[in-house]
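Peer 1: Sequence first, then the predicted structure:
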Amino acid sequence: MAIDTVAGAASSKTVEVTDANFDQVVLKNSQPVMVDFWATWCSPCKAIAPTVDEVATAFAGRVTVGKMDVDNCPSTPQRYGVRGIPTLLIFKDGKVQQQIVGGNVSRAYIEDALNKVLAQ
């Protein structure tokens, strides 16, 4: 389910990830998945959201890009030790392969991390 009513929220390019659908959308996915952990009140999360959308478009068909609101879904961030947002976790074969923390991250840095995971 994609929504784009809130800056930073899942858009038409990304998938909404929740505690309820996390295992199915992320862990059981046949391709790598990047999850953006964010919140509506988080300015850095809003700042990085357009970059996440651009990356989602650039990697469409090769990587699933999801967004999880940590306020609405607290269990999964706790499970993976997410303590600051925005945090991007890149999963492959059900395991975290890369972690990127903070909103001051370039598109090239994110794409480099994804390319490393795709090359594994």
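Peer 2: It's in. In this text, all values refer to a predicted model and were calculated from it rather than measured experimentally. Numbering: from 1, shown residues only.
Peer 1: Report the mean confidence score over stretch 55-68.
Peer 2: In this model, stretch 55-68 has a mean pLDDT of 96.
Peer 1: now for the longest helix seen in the chain, which elements pack on it?
Peer 2: In the chain, with assignment by DSSP state H, the single longest helix is helix 43-58. If you count contacts as 3 or more C-beta pairs under 8 Å, 6 or more residues apart in numbering; DSSP states H and E, helix 43-58 packs onto strand 33-38, strand 64-69, helix 107-119. C-beta coordinates here come from the backbone N, C-alpha and C atoms, glycine included.
Peer 1: what angle sits between the second one and helix 43-58?
Peer 2: In this structure, strand 64-69 runs at an angle of 160 degrees to helix 43-58, with axes from the mean of the first three to the mean of the last three C-alpha atoms, to 10 degrees as the basis.
Peer 1: can you list the helices and strands packed on helix 43-58 in JSON lines and add distance to residue 94 and mean neighbour count?
Peer 2: As requested, these are exported to JSON lines (distance: least, C-beta to C-beta, whole Å; neighbours: other C-beta atoms under 10 Å):
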{"stretch": "strand 33-38", "distance to residue 94": "9", "mean neighbour count": "26"}
{"stretch": "strand 64-69", "distance to residue 94": "13", "mean neighbour count": "25"}
{"stretch": "helix 107-119", "distance to residue 94": "13", "mean neighbour count": "15"}
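Peer 1: Now tabulate those in JSON lines and tack on distance to residue 20.
Peer 2: Shown next, in JSON lines, are the helices and strands packed on helix 43-58 (distance: least, C-beta to C-beta, whole Å):
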{"stretch": "strand 33-38", "distance to residue 20": "14"}
{"stretch": "strand 64-69", "distance to residue 20": "11"}
{"stretch": "helix 107-119", "distance to residue 20": "25"}
